[in-house]
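[1] got a sequence here, can you build the structure:
(chains A and B)
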Amino acid sequence: MKKRLVAILVLLFLVGGVSMLFAGGKQEATSASGYPPEMEKWLKEAKLGPYEEHPQNWKEIIEKAKQEGEVVVYSSSSRVAKVAEMFEKTYPGIKVKYFDLGSVQSVEKTVQEQNAGLYKADIVTTGGSGQVIHQLLDNHMIVNFVPDTVADRIPKKYKDPLLVRINEAIVFYYNTEAYSKPPIKNLWELTMPEWKGRVVTKDPFKSLSVLMGFITIVQHSDEMAAAYKRLTGKDLELHPGVPDAGYEFVYRLLHNDLIILKSGGKVAAASGKRGQKNPPISMIYFTYLRYNESKNYANGVIHPLDPVEKLVYPTYTAIARQAPHPNAAKLYTAFEMGSPKLTKDTKLEPPYAEGRAGELLQGLAPYFDPGSASPRVDVPKPKGGEIWDELKGWDVDPDFMWYNAPQFQDFWTKEATK
Amino acid sequence: MADTPLARSAAFTKLKFQLTRLRYRTDIILSIIFVIVFGFLVLVPLIKIIIVSLTYQSFDMRVIRDMKKLGTFTLYHYKRIFASDFSYAILVKPFINSLLVGFGVTAMAMLLGSLLAWAIVRTDLPWKNFFDSIIVIPYMMPSWVIALAWLIIFKNNRVAGEDGMLKILFGITPPDWFSYGLFPIIICLGLHYYSYSYLLISGALKTVNSELEEAGAIAGLKKWAVLRKITFPIVLPALGSSFVLTFTRSMGTFGTPALLGLPVRFFNIPTQIYASISMRNMGDAYVLALILVVLAGIAIYINSKIVGVRKSFVTMAGKGFKNRMNSLGSWRYPVAIIILLFLFVAFLLPLLLLVWNTFLLLPGDYSISNLTTHFWIGDSDYRIASGEPGIFKNPGIWNGVWNSIRLGVLAALINGFLGLFIGYAVVRNRGTRLSKSLEAISFAPYVFPSIAMGAIYLGMFAKPLGPIPALYGTFSLLVLIVVVKNIPFSSRSGISAMLQIDKSLEESARLQGLPWFKRFRKILFPLTKSGFLSGMILTFITAMRELSLIILLVTPTTRVLTTIIFAYEDQEEVQHANGVTLILITIIIIANFIVRKFFGNKSLMGLKES
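    Okay, the predicted model is just below:
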């Protein structure tokens, strides 16, 4: 009796559980414009997407933003804390609730919440191009909003399909204390015996940015092959099973005992620590150049370097679907992009987040370092920032990234293990 | 039976009778509720893992590019992992490495643990109480603390940056195999897990009446034969438990292998699961997770075959119990000093190194002029540590302290009571299938690798599930997963506590007409209090140092100390990472001390039943 009762209960529960597992995943109904009806209603009210006003009515936006009184930001960058502090000072009465999540989690949290029918975020600002475009934008989880106060000063590729808040890059560092000039001139030198076990990078599966760096190299396979010929005078020979010159570079790098570390900070330390006899070359975030000051490192960007010196990836900013505070979100977006009063010739003195510099740079101030670049063409460069324009760069391609990351992951795992 | 009205009414009467009877059988009601709830919390994730591993996931669509296939049945992931040119890298090599770590750590931990247990319980060693209380401290530290210390000392040129202390102080450069990879992973994990073996084996040894051994000796057995024929069989269950515990845990551990293995590309199954999960490749990740689940199951099965029914006998203390010590003779003090040295190396040295390193302005520079208190009490300075204020002035860290304590205390309370109720339900029904299923299902969370369990709960509770609202991002989800993961341990201690109470005590109270709740409060609870407390402190410790289980579920507002440490480590804010680690360990040790002080010297006894 008892046993049967238990058996029935367990069975019932199992059936229920399993059916729950298979439930969901149903397609949402969409209106003629391609948006789900709920979202369409919100877009109309918030004057976003197809219902955006031209020109944007900033007086009204500011007024409504103050009524909303709050803006919720999901950010991939820890420096969001400083942006939030500055925003609250500029617009007293509007509180910034920010979440410093990193790129993987910023996307993940947005997806998980919206799948659950929760619309809590106002702003999603993160890197991870493939994910942001294909997972968030294509599925209407975010909406593009470009403040018209600065729109005409941003090149098309940085505002369409999605506004870029800041561009950053992966670069190659050498130790300026141990070497008076960059020890290599061609990327392929890193695969030669001299640099065996002396190239350091972060595990690409722990950083979408490093992953993008590698995949962008793979994408420019022809340039890589040409650079090899320029270095050795010979045509590149591929190892069996390696599809092209880009992958061949990754193959040779891994088989040249590439050192993989779990954190970017450790990578920057590896090449940058002072007092080293035989320091390695590192491949890591350009913005970590700022550790030269804060941690007394001796990192220098390798330049010139054939065929590429920086691998550029954007950090986007967008308004989240059905954001509860859409006007505060618009105002915050404008703040992130910096004041329209900035011009190419504006002279700015550090500390950039304070005084007049802070008033002009606004949300750009915490990112005003040589390793980051605003998409705006009219923003002056920070001290030492000229180098950004001097470096030859390749931009990450979100489509290529999205569709080739799985293959790259398999290749990497395979070759890293042998 | 014919379907006559009479038969039906008879069946109805019978059912009614059974239901009425059930009213007085709180144990059965409890069992049924537990089986259903735990079944839900354990089986649903398991089924979900299996389903995900057998269907196309959105990640796969990026390769296959045929959206119609999304969610349909496939053996794609199994083929990739078991039978493709990718298998060696994703499965075979990591699997071998996992086994090597598992066996290596288990051998080292059990050897250390049993030697120490024997020396402390069965010999006339001096300073025993001191050893006994201090020897379990490595259990209270997160296992990767020793790995951090290892790197501070033995770091070599391979990862560049600053040198290790050995190089700085003595000019010795350790070889790669010594600094990174299998060898240090086994040493560091062994130094953590030996405390499990020690607790289990010393617990068993304490119950061995030395008269049994003497009887053997009188009967003419040689010393070795006494050990083999009498002592060994009695401690065998404890040895078995510590084998299962150490083996499954060290095979599934993530932190230390990630820290020490990556620089020489030493991957094991957990690091591959983590990599797959962070790429959102859930299909691959879950196939690998299932392999760990199966392995843990096999280990438990083999253990139960060799040792027999888990904990099938209790050697009650109290009656003519004699524990004659083996004499170490002139070795008494040398052995004690060796143990002291060992303890120094195993935990005092790592802690001291962490303390020292928090006072260094630039890591790796041990000169006096480089000392600073900035990382403890300094104000935010944008030139140091990216402007992070000192630990005591850092609201983020204080928030983490509060969250960690909250998580530890809540989980401990819930697990403590759950353990007792489960124990009650299992023991009162002992022998029935219901009791057996409850016992089995409460042991089930044990086989889940933490990292995989976190990933499953993330997906499972992201949406409202039946009456449960979406829990993603809430503190409750952290409490829930920690409670579930600890049920195997708290139910073990609950069962053993309840086993010691005779049924007649409760029955007589029932005859007096006391309702169940009163019986529980007046009789059962007071008698099992010490088991309850030990289960609680155990959960508190595990919850406080938990990382891989919750790392995927924590959001900025619910950050706990371990995830804060992980983040600081990632940003190479070494001093902050070390300082917060020290705070975490201090809280655990203080809590343990308070419990010992006020509730008797039993704080870690619960482990002996796990």
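
[2] does B:Trp150 really touch B:Ile186, like I thought?
    No: here B:Trp150 does not reach B:Ile186: they are 11.4 Å apart, not a contact under CB atoms under 8 Å. All C-beta spots, glycine's among them, are computed from the backbone N, C-alpha and C.

[3] so where's the chain shaky on pLDDT?
    All of this refers to chain A. Counting by pLDDT under 70, the low-confidence segments of chain A come to A:1-33, A:418.

[4] that answer is for a different chain, and I need it for chain B
    Applying pLDDT under 70 to chain B flags the ranges B:1-4, B:21-23, B:208-209, B:307-324, B:382-383, B:386, B:599-610.

[5] outline the domain layout of it.
    Here the domain parsing of chain B from automatic domain parsing is B:83-314+B:328-341, B:388-610.

[6] the shortest one near chain A anywhere?
    Yes: residues of domain B:388-610 are located near chain A by CB under 8 Å from any CB of the partner chain, namely B:432-434, B:437, B:458, B:462-466, B:470, B:472-473, B:555-557, B:569-573.

[7] which ones among the residues you listed are found in helices?
    B:Arg433, B:Leu434, B:Ser437, B:Leu458, B:Glu569, B:Asp570 (DSSP state H).

[8] give me the number of residues near whatever residue of the stretch 201-350 of chain B ends up closest to chain A?
    Ranked by CB to the nearest CB, the top residue of the stretch 201-350 of chain B for proximity to chain A is B:Ala275, at 4.3 Å. Per other CB atoms under 10 Å in any protein chain shown, the neighbour tally for B:Ala275 reads 23.

[9] helix or strand: which one has it?
    According to DSSP states H and E, B:Ala275 maps onto helix B:269-278.

[10] neighbouring contacts of that helix?
    With CB atoms under 8 Å, 6 or more residues apart in numbering or on different chains as the test, helix B:269-278 has contacts from A:104, A:203, A:205-206, A:409, A:413, B:90, B:94-95, B:97-98, B:251-254, B:257-258, B:261-262, B:282, B:284-285, B:288-289, B:291-292, B:449, B:451-452, B:455, B:548, B:552.

[11] got a markdown table for the domains of chain B, with distance to A:Gln114 too?
    Output for these, formatted as a markdown table (distance: least, CB to CB, whole Å):
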| stretch | distance to A:Gln114 |
| --- | --- |
| domain B:83-314+B:328-341 | 16 |
| domain B:388-610 | 10 |
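
[12] go through those domains and name the closest to A:Glu52.
    Shortest distance between A:Glu52 and those, using CB to CB, is found for domain B:388-610: 30.5 Å.

[13] and for residue 327, the neighbour number?
    Went with chain A since none was named. Counted with other CB under 10 Å, A:Asn327 comes out at 22.

[14] sorry, should have said chain B
    10.

[15] same question, B:Ile405
    Neighbourhood size, B:Ile405 [other CB under 10 Å]: 17.

[16] ok, now which ones touch it?
    Contacts for B:Ile405 were tallied using CB under 8 Å, 6+ apart; they are B:Met544, B:Ile587.

[17] so which helix or strand takes in it?
    For B:Ile405, the host element (DSSP H and E) is helix B:395-428.

[18] residues in contact with A:Ile170?
    Contacts for A:Ile170 (CB under 8 Å, 6+ apart) come out as A:Ser209, A:Val210, A:Met212, A:Gly213, A:Met283, A:Ile284, A:Tyr285, A:Phe286, A:Lys310, A:Leu311, A:Tyr313.

[19] what is the burial count for the last one?
    The number of residues packed around A:Tyr313, counting by other CB under 10 Å, is 27.

[20] need phi/psi at A:Ala318.
    Dihedral pair for A:Ala318: phi -150, psi 160, per degrees, to the nearest 10.

[21] surely it is in contact with A:Val146?
    No: with contact defined as CB under 8 Å, A:Ala318 does not count as touching A:Val146 (10.2 Å).

[22] now do the shared contacts for these two.
    Residues touching both A:Ala318 and A:Val146 by CB under 8 Å, 6+ apart: A:Leu163.
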